[in-house]
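Asker: After the sequence you'll find the predicted model.
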Amino acid sequence: MRISVLLASFAVLIALSGPARADSQNDLEACKFVGQLGKASESIAACDRVIKDPKANAQDRSAALSSRCGWWWTKQDFDRALSDCSEAIRLYSGNLGAYLNRGNAYLSKSDPEHALGDFDAALRLDPKSAWAYAARGNLYRNKGDLDRALADLNEAISLDPTYALALFSRGDLYRSKGDLSGAMADMNESLRLDPNYAPAYFTRGRLSNILGNSPAAIEDFTKSIRLDAENGAAYFNRGVAYYVVGGRTADAAADFRKALEINPKDAYAALWRDLAERRNGAPSHLAEAAKQLDMTVWPAPVIHHFLGEANAEQTFAAAFDTDPKTKQAQTCEANFYTGEFALLNKNRKEAQRLLKLAADECPPNFVESAAAVRELIILK
């Protein structure tokens with residue numbers, strides 16, 4: 001199973017303003033964008049007061065508009081965000097934060113070209129802006145230009161070695177490139193600098209899973225969940241770690257159930273819940289869960305197999321794809337889940353054969369890879 005990164009883009013939280021000269025100094029300070037959604041309404045109200053203050057000069061109003069743009073972005077009102085940032089730039093073209101916040105709003109509207117233009121403009125204003133390099137680096141990463149992404153993130157960290165979010169982003173980039181030691185080092189440093197960043201715990205947990213350290217993975221996924229209790233991927237991955245570590249199938253099933261509560265259309269959570277519950281001697285709920293799933297796309301053939309509606313040969317035939325990467329991914333999963341199904345049905349020899357194929361051929365970042373290795377150790 002390919003796990004996407006929690007965020008569609010790694011946003012950089014900008015709270016820049018020029019020197020405050022408005023009489024409403026406290027409002028300008030309270031207006032500043034710091035990215036905490038719980039402060040959005042109060043901060044937007046403070047921004048409104050600065051923007052409407054006849055004593056505020058153009059630079060102060062620009063700063064307030066830029067911050068309000070950031071708050072609208074946090075509230076996912078991207079059109080308002082773009083409007084505010086554009087007005088902030090019109091009032092004061094030297095407002096670095098307005099370009100960066102508008103770039104993030106463009107990214108959220110799936111407009112990477114305008115976003116790139118804003119990040120480039122920010123770097124022309126300040127060629128030493130670590131925030132701008134990090135923002136552009138993450139944009140390049142989303143576009144698949146990993147070399148440019150790494151160069152920009154390296155520059156951001158060189159300019160500001162304490163920039164926890166840039167370290168997180170570079171670590172996740174290293175993970176996607178297969179450099180697990182580099183990824184782990186950056187995640188550790190990012191969490192040392194910011195011990196309350198849920199995505200970093202989540203990603204470090206994934207790294208520990210890949211490296212076969214399920215107890216460490218469980219610890220990090222638990223920390224991620226404490227900080228972000230609505231991240232279904234964290235519950236799913238902790239469930240896999242519980243399942244893989246052995247003897248904790250009840251805990252695994254509970255986590256898969258929670259992942260399905262958050263996202264009832266998660267076919268992989270439904271499959272793993274079925275595995276964990278059957279392993280724990282509980283009845284299957286897969287048929288009920290399947291009613292919420294898209295049964296026209298992969299991994300629907302695996303679910304049909306588990307429900308007794310298809311055999312192994314049909315499952316492997318469905319895994320074929322003309323795209324080599326898709327074929328590898330689906331064949332990996334067909335091997336693993338068919339092996340698990342064989343194990344549930346006491347066919348240890350066939351299970352061992354299929355799980356060996358999964359262990360040998362699955363990409364290392366797939367949860368099925370580490371799980372197959374663990375199952376083979378138990379079988380031996």
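Answerer: Yep, it's here. Numbers count the residues shown, from 1 in each chain.
Asker: hey, let's count contacts and neighbours off CA atoms from now on
Answerer: Fine.
Asker: Next, work out how far apart Asp172 and Leu100 are.
Answerer: Look at Asp172 and Leu100: by CA to CA, to the nearest Å, they are 21 Å apart.
Asker: nope, Tyr92 is what I was after
Answerer: From Tyr92 to Leu100 the distance is 14 Å (CA to CA).
Asker: So if I had to pick from the two, which one is more boxed in?
Answerer: Neighbours per residue (other CA atoms under 10 Å) separate Tyr92 from Leu100, with Leu100 holding more: 31 against 18.
Asker: Would you agree that one is in contact with Asp118?
Answerer: Yes. Between Leu100 and Asp118 a contact is recorded at 6.5 Å, counting by CA atoms under 8 Å.
Asker: which residues does the nearest residue to Tyr337 once chain neighbours are set aside contact?
Answerer: Nearest-residue entry for Tyr337: Val302, 7.1 Å, with adjacent residues in sequence omitted and distances by CA to CA, 6 or more residues apart in numbering. Residues near Val302 by CA atoms under 8 Å, 6 or more residues apart in numbering: 315, 334, 337-338.
Asker: got it, and Lys223?
Answerer: 198, 201.
Asker: what about this structure, any weak spots by pLDDT?
Answerer: 1-23 (pLDDT under 70).
Asker: if you set the cut-off to 90 instead, what comes out?
Answerer: Scanning the chain for pLDDT under 90 picks out 1-26, 33-40, 55, 212, 245-247, 364-365, 378-380.
Asker: which residues in the stretch 151-300 of the chain form helices?
Answerer: For the stretch 151-300 of the chain, the helices defined by DSSP state H, counting those that start in this stretch occupy 164-177, 180-193, 198-210, 214-227, 232-245, 249-262, 267-279, 286-290, 300-306.
Asker: Same list, the ones you listed, but as a markdown table with distance to Gln59 please.
Answerer: Putting the helices of the stretch 151-300 of the chain into a markdown table (distance: least, CA to CA, whole Å) gives the following:
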| stretch | distance to Gln59 |
| --- | --- |
| helix 164-177 | 28 |
| helix 180-193 | 32 |
| helix 198-210 | 35 |
| helix 214-227 | 36 |
| helix 232-245 | 42 |
| helix 249-262 | 44 |
| helix 267-279 | 51 |
| helix 286-290 | 55 |
| helix 300-306 | 56 |
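Asker: Compare these and give me the one nearest Leu344.
Answerer: Closest of those to Leu344 is helix 267-279, at 7.2 Å (criterion: CA to CA).
Asker: Report the inter-axis angle for that closest one versus helix 249-262.
Answerer: Relative orientation of helix 267-279 versus helix 249-262 (axes from the mean of the first three to the mean of the last three CA atoms, to 10 degrees): 150 degrees.
Asker: between helix 267-279 and helix 232-245, how big is the angle?
Answerer: Using the same axes, to 10 degrees: helix 267-279 against helix 232-245 is 30 degrees.
Asker: which helices and strands does helix 267-279 pack with?
Answerer: Helix 267-279 is packed against helix 232-245, helix 249-262, helix 286-290, helix 324-344, with contacts defined by 3 or more CA pairs under 8 Å, 6 or more residues apart in numbering; DSSP states H and E.
Asker: if you set the cut-off to 7 Å instead, what comes out?
Answerer: helix 249-262, helix 286-290 (3 or more CA pairs under 7 Å, 6 or more residues apart in numbering; DSSP states H and E).
Asker: out of those, deepest packed?
Answerer: The highest mean neighbour count among the helices and strands packed on helix 267-279, using mean count of other CA atoms under 10 Å, belongs to helix 249-262: a mean of 22.
Asker: List the buried residues in whatever helix or strand Glu350 lives in.
Answerer: Per DSSP states H and E: Glu350 is located in helix 348-361. Under the neighbour-count criterion of 16 or more other CA atoms under 10 Å, helix 348-361 has 350-352, 354-359, 361 buried.
Asker: Equivalent analysis for stretch 267-287, please.
Answerer: 267-280, 284, 286.
Asker: Now for those residues: which two are most distant?
Answerer: Among the buried residues of stretch 267-287, the pair separated by the greatest distance (CA to CA) is Ala267 and Asn280, at 19.9 Å.
Asker: looking at it, Ala166 is touching Leu153, isn't it?
Answerer: Yes. Here Ala166 reaches Leu153: they are 6.2 Å apart, a contact under CA atoms under 7 Å.
Asker: Overlap of the contact sets of those two?
Answerer: Ala134 (CA atoms under 7 Å, 6 or more residues apart in numbering).
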